[in-house]
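Participant: curious how this folds, go ahead:
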Amino acid sequence: MLASVFGKTLYDMRRGLIWWSISLLLMNLWMVSLYPVIQESAEALEQYLSNLPPTFSALVGEAATFSTIEGYLSVELFTFFLPMLTLAFAIVYGAGAIGGEEDSGTLDLLLAHPIPRWRVLAEKFVAVLAFTALAVLAGYVGIILGAMLVDVKIDPWKVGAATLNLGLLTVLFGTFTLALTGIGLRRGSAAGIGAGLAAITFLMNTLAPIADLPEQLRKVSPWFYYDGGATLREGLRLGNSALLAGLVVVLLLVALYGFQRRDIAV
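Facilitator: Next up, the predicted model:
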């Protein structure tokens, strides 16, 4: 066993981390490298987008455009596709950090060591956090390398801001599934609830404006504060990022409290 719960957890996730990081880097590099070809047809593509039904237009963003690299990345990556990929691994690994140990019967053995419960869960959380940070950083590097490869100007700070918000949204849902297992749900149930909540809150944020739903409903969704497309175009919105980080802290406290008090299935 490695010297710390954090080290052992990250070591166990090493294959997933390597493949997710390489995949995000190469995918983002490839998407950016396509932009010069897409830009040549930007006017036709924007005309096509303007003729889409309102539901489809909402899914790609109200300010969708292919005339700038930021608009292109907003449509193709940051609005939907990239967060759904990163949420997939966060939800699975968040649910498995404690739930996987419990399902395999090794959690009681781990807790038999002279390590406080809160520290076990905290180090599991930090491992999921590190996994997310390294994977989204690889995606960031892919975008910057792609822009350099095809000689497209892009603001690295705005891309960094959008990547930061992507990481916060990803960690938020990963911490949510960790909290569910912390209070006693099994891994499969936690992952299913996490995935369902991610989908529901995404639809709440994107479809509320065209469904005549109250604006306040959108503000319940973490996707409203993520808004990767707007961050990519306008830069970091500190209040929104701080709120996402605050929600992560709240969920972590819930996880710690629940895990400290509940019985462990053997």
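Participant: where does the nearest residue to Gly182 once chain neighbours are set aside fall, secondary structure wise?
Facilitator: Nearest residue to Gly182, sequence neighbours excluded (CB to CB, 6 or more residues apart in numbering): Ala255, at 3.5 Å. For glycine as for every other residue, the C-beta is placed from the backbone atoms N, C-alpha and C. Per DSSP states H and E: Ala255 is located in helix 238-261.
Participant: how many other residues sit next to Pro83?
Facilitator: By other CB atoms under 10 Å, 23 other residues sit near Pro83.
Participant: quick one: contacts for Pro114?
Facilitator: Contact analysis of Pro114 by CB atoms under 8 Å, 6 or more residues apart in numbering lists nothing.
Participant: next one, pLDDT for Arg117 please.
Facilitator: The model reports Arg117 with a pLDDT of 88.
Participant: burial of it, as a residue count?
Facilitator: Arg117: 16 neighbours (other CB under 10 Å).
Participant: surely it and Leu111 touch.
Facilitator: Yes. Using CB atoms under 8 Å, Arg117 is in contact with Leu111, at 6.5 Å.
Participant: what sits up against the helix holding Ala255?
Facilitator: 98, 117-118, 120-122, 125, 161, 164-165, 168-169, 171-172, 175-176, 178-179, 181-184, 222, 225-227, 231.
Participant: buried sites along stretch 124-144?
Facilitator: Residues of stretch 124-144 classed as buried by neighbour count (16 or more other CB atoms under 10 Å): 124-125, 127-129, 131-132, 135-144.
Participant: same check, this time on stretch 16-24
Facilitator: 17, 20-21, 24.
Participant: ditto for stretch 251-266
Facilitator: 251-252, 254-256, 258-259.
Participant: do stretch 198-217 as well
Facilitator: 198, 201-202, 204-208.
Participant: try stretch 112-121
Facilitator: Using 16+ other CB under 10 Å as the test for burial, stretch 112-121 gives 117, 120-121.
Participant: which among the contacts of helix 238-261 end up buried?
Facilitator: Buried residues within the contacts of helix 238-261, defined by neighbour count using 16+ other CB under 10 Å: 98, 117, 120-122, 125, 161, 164-165, 168-169, 171-172, 175-176, 178-179, 181-182, 184, 222, 225-227, 231.
Participant: ok, back up a step: any chance of the buried residues of stretch 198-217 in a markdown table, plus secondary structure?
Facilitator: Output for the buried residues of stretch 198-217, formatted as a markdown table (DSSP: H, G, I helix; E, B strand; the rest coil):
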| residue | secondary structure |
| --- | --- |
| Ala198 | helix |
| Thr201 | helix |
| Phe202 | helix |
| Met204 | helix |
| Asn205 | helix |
| Thr206 | helix |
| Leu207 | helix |
| Ala208 | helix |
